[in-house]
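Asks: below is the sequence, then the predicted model.
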Amino acid sequence: MRIAVACDAPAGLEARVSPHFGKAPFYALLEVEDGQILKVETVSNPYFAHHVPGAVPQFLKGLGVDLIICGGIGPRALTFFEALGIEVLMAQPETSVKSALEAFFAQSLRAAEACKEDHSCKGGHTCQGGRKGEGGFYIPGKGFGFPS
């Protein structure tokens with residue numbers, strides 16, 4: 001599986017999760033299999049300086065990304081990812097990419113919910129939720145699950 005984590009610096013696993021997908025200057029690209037990290041690389045967001053709706057989801061799809069982890073995301077970007085078949089999960093903004101990945105392996109990340117505020121979103125508010133139901137979580141290889 002190939003995972004992209006929206007991040008603030010080209011620091012691999014030590015980079016911080018960006019509070020909002022569209023304003024992330026970098027993406028940590030992680031190859032993972034059976035709970036193991038096989039490869040880590042960082043790519044620059046080629047659209048960081050100027051907003052082009054749908055361009056970053058297409059860019060990440062072209063890199064073979066199956067899933068993206070971010071701190072927040074707007075409704076239009078979320079729709080683009082869904083149309084491309086790329087899952088979107090939420091991590092706590094400002095935590096390390098490594099911590100976000102550990103949360104993914106522990107199945108404790110939430111399904112993405114589009115920000116309900118403007119694009120000055122800083123995460124930690126309405127961006128943190130379960131679009132498919134409050135308390136939802138992602139199970140690698142199985143999709144979304146919910147507590148009984």
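Replies: On my side now, so go ahead.

Asks: quick one: the strands in this structure?
Replies: 2-7, 26-33, 36-44, 67-70, 87-90, 110-111, 137-139, 143-145 (DSSP state E).

Asks: can you lay out those as CSV showing distance to residue 99 and mean neighbour count?
Replies: Where you see a C-beta, it was placed from the backbone N, CA and C, and this is true even at glycine. Listed next are the strands of the chain as CSV, based on distance: least, Cβ to Cβ, whole Å; neighbours: other Cβ atoms under 10 Å:
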stretch, distance to residue 99, mean neighbour count
strand 2-7, 10, 26
strand 26-33, 12, 21
strand 36-44, 13, 13
strand 67-70, 11, 26
strand 87-90, 13, 23
strand 110-111, 15, 22
strand 137-139, 16, 18
strand 143-145, 21, 14
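
Asks: for those, give me TSV that also has distance to residue 57.
Replies: Rendered in TSV, the data for the strands of the chain read as follows (distance: least, Cβ to Cβ, whole Å):
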stretch	distance to residue 57
strand 2-7	10
strand 26-33	11
strand 36-44	14
strand 67-70	8
strand 87-90	9
strand 110-111	17
strand 137-139	18
strand 143-145	19
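
Asks: kindly reformat the ones you listed as CSV containing mean pLDDT.
Replies: Converted to CSV, these look like this (pLDDT from 0 to 100):
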stretch, mean pLDDT
strand 2-7, 97
strand 26-33, 96
strand 36-44, 95
strand 67-70, 96
strand 87-90, 94
strand 110-111, 86
strand 137-139, 39
strand 143-145, 41
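
Asks: distance of the residue most central in space within the chain relative to residue 29?
Replies: The centre of the chain sits closest to residue 69, judged by Cα atoms, centre = their mean, with a distance of 1.7 Å. Residue 69 sits 11 Å away from residue 29, taking Cβ to Cβ, to the nearest Å as the criterion.
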